[in-house]
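Enquirer: no sequence for this one, just the structure:
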DNA sequence: CGCATTTTTGATACACGTCAATCTCCGTGG
DNA sequence: CCACGGAGATTGACGTGTATCAAAAATGCG
């Protein structure tokens, strides 16, 4: 029984993202996909294509019961999402865009499944695993800084996901995240900036040198 | 400057495992490899073969400076280790056997690098990442139970790594691990058993039903 | 047996969790 | 254009699960 996009439950008890979108036709057309922050991309148990993430950051969740989701991993540009669907016919995890995202169907071409390309993806997946593990160890402030580093673009700007998403990734509480980010603002590590279409509390200019 | 196997430093500040073994010749022969618990398999920055783990559990570490190692990930039977060496010419992580381990050179055959097999390894790597992430979230006791579940064989017996290794994996302190395991013994979840060649405090019969 | 390593246990401290109130942002409709 | 309402963010007061420090007890090896 699907819930409507907006429910009475606090966010952390909601069925994670809203998945009203039926991409059935779009999928079979093998077109690139654009997702806004917070949007669901696919749901565990469903079937569909595998994707390569070309921009943005995606959150993957284990979905045990229908109404419960727990953070499993992250994907950043270059990573492959949902490749298990090619083997098992359905997705193992649910995927949600944490920032504006672009995805393209994978594998890209006829010969793409062979050799080097796939090997590189495997190495990249193992690298990613280590990075995500690192976001869940050590002092709270260091975890948040690690996540900020992961989300910051080459121009030194960052669009963060909600405090609750950051909390899920780092295994902290959203109140703790809020306190840490406010402290980073006060110490000039984060400078709030205005970005079109993004919640005012989530976009910053980053000065990681100020952490030292 | 390599340290001798036994140093004055407490274990958690040591260069993680001892890597005196030069496997150069054995490697080029592409023979299967056996490792005892605690033994180093390969070291970050070195070059060598990629491996498929056929039995046991392996710990992977990020090695930043020469004398510092931080937990990065786990590998269990079926997982592929060090595949990045085929691309970059050297290992990204250091690998250490947490239990008795068997490894065989990878890829196994001429055609093994193609298609399904590699795809399955990629899916498996992503699955593993989610499991390791789960070991670093939630209450301390639940993390340890999750790790015990991961190490328990089909016969319901388990050989755990040292308290310090468990602590590194779960991002807890070894004193905390010790307390939790002792409590599990007292509540009959873990029943100490004697296993040949294994430290007495590390082998148990497991009764996970007793946790409920 | 004696010593190094690992584990256990106790006392105490603190980082983060919990609960609850308030505030800010932003979309919606009068 | 402004009032309204809901989601998310902030802040404070207080509690607690683990960390920390220290010392003793087990285990295994030479």
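Expert: That came in fine, so what should we check first? From a predicted model like this one, the values you see are computed outputs, not experimental measurements.

Enquirer: where along chain A do the helices fall?
Expert: For chain A, the helices identified by DSSP state H occupy A:24-28, A:85-88, A:116-134, A:140-151, A:163-170, A:174-186, in order along the chain.

Enquirer: In CSV, list those along with mean neighbour count, distance to residue A:197 and mean pLDDT.
Expert: Yep, even glycine has a C-beta here, placed from its N, CA and C like the rest. What follows is the helices of chain A, written out as CSV (neighbours: other Cβ atoms under 10 Å in any protein chain shown; distance: least, Cβ to Cβ, whole Å; pLDDT from 0 to 100):
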stretch, mean neighbour count, distance to residue A:197, mean pLDDT
helix A:24-28, 12, 22, 48
helix A:85-88, 16, 31, 94
helix A:116-134, 21, 27, 94
helix A:140-151, 19, 17, 98
helix A:163-170, 22, 17, 98
helix A:174-186, 16, 20, 98
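
Enquirer: okay if I get those as CSV plus distance to chain B?
Expert: What follows is the helices of chain A, written out as CSV (distance: least, Cβ to the nearest Cβ, whole Å):
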stretch, distance to chain B
helix A:24-28, 19
helix A:85-88, 6
helix A:116-134, 4
helix A:140-151, 10
helix A:163-170, 9
helix A:174-186, 14
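
Enquirer: And those helices: which comes nearest residue B:173?
Expert: Comparing the helices of chain A against residue B:173 with Cβ to Cβ, the closest turns out to be helix A:140-151 (16.2 Å).

Enquirer: So which residues make contact with that closest one?
Expert: Helix A:140-151 is contacted from outside by A:57, A:74, A:76, A:99, A:131, A:134-137, A:158-161, A:166, A:169-170, A:172, A:176-177, A:180-181, A:183-184, A:189-190, A:206, A:208, A:211, using Cβ atoms under 8 Å, 6 or more residues apart in numbering or on different chains.

Enquirer: okay, now the domains of chain A?
Expert: A:11-133, A:139-211 (automatic domain parsing).

Enquirer: Identify whichever of those domains lies nearest to residue B:108.
Expert: Between residue B:108 and those, the shortest separation by Cβ to Cβ is 14.2 Å, and it involves domain A:11-133.

Enquirer: so where's chain A uncertain?
Expert: Scanning chain A with the threshold set as pLDDT under 70 gives A:1-29, A:65-68, A:110-115.

Enquirer: Give me the residue at the spatial middle of it.
Expert: Centroid-nearest residue in chain A, with Cα atoms, centre = their mean: residue A:58, separated by 2.3 Å.

Enquirer: any idea how far residue A:52 is from the nearest residue to it once chain neighbours are set aside?
Expert: Closest residue to residue A:58 apart from its sequence neighbours, by Cβ to Cβ, 6 or more residues apart in numbering or on different chains: residue A:75 at 4.3 Å. Applying Cβ to Cβ, to the nearest Å, the value for residue A:75 to residue A:52 is 10 Å.

Enquirer: Also residue A:143?
Expert: According to Cβ to Cβ, residue A:143 stands 28 Å off from residue A:52.

Enquirer: got it, and residue A:168?
Expert: In this view, residue A:168 and residue A:52 are 24 Å apart by Cβ to Cβ.

Enquirer: How about residue A:46?
Expert: For residue A:46, the distance to residue A:52 (Cβ to Cβ) stands at 19 Å.

Enquirer: the more surrounded of those two?
Expert: Here residue A:46 and residue A:52 are compared on neighbour count by other Cβ atoms under 10 Å in any protein chain shown; more neighbours surround residue A:52, at 21 against 15.

Enquirer: how close does that one sit to residue A:131?
Expert: Going from residue A:52 to residue A:131 by Cβ to Cβ gives 18 Å.

Enquirer: Contact residues of chain A facing chain B?
Expert: Contact residues (Cβ under 8 Å from any Cβ of the partner chain) of chain A with chain B: A:60, A:62, A:70-73, A:80, A:83-84, A:86-88, A:92-93, A:113-116, A:118-123, A:125-130, A:132-134, A:136-138, A:171.

Enquirer: What about DNA strand C: which of those touch it?
Expert: Filtering the residues of chain A next to chain B for neighbours of DNA strand C using Cβ under 7 Å from any atom of the strand leaves residue A:171.

Enquirer: Run a quick neighbour tally on residue A:209.
Expert: Around residue A:209 there are 7 other residues, counting by other Cβ under 10 Å.

Enquirer: now the one 3 residues further on
Expert: Using other Cβ under 10 Å, residue A:212 is surrounded by 4 other residues.

Enquirer: same check, this time on residue A:100
Expert: Counted by other Cβ under 10 Å, the residues lying close to residue A:100 total 16.

Enquirer: Find the nearest non-adjacent residue to it, please.
Expert: Here the residue nearest residue A:100, using Cβ to Cβ, 6+ apart, is residue A:56, at 5.4 Å.
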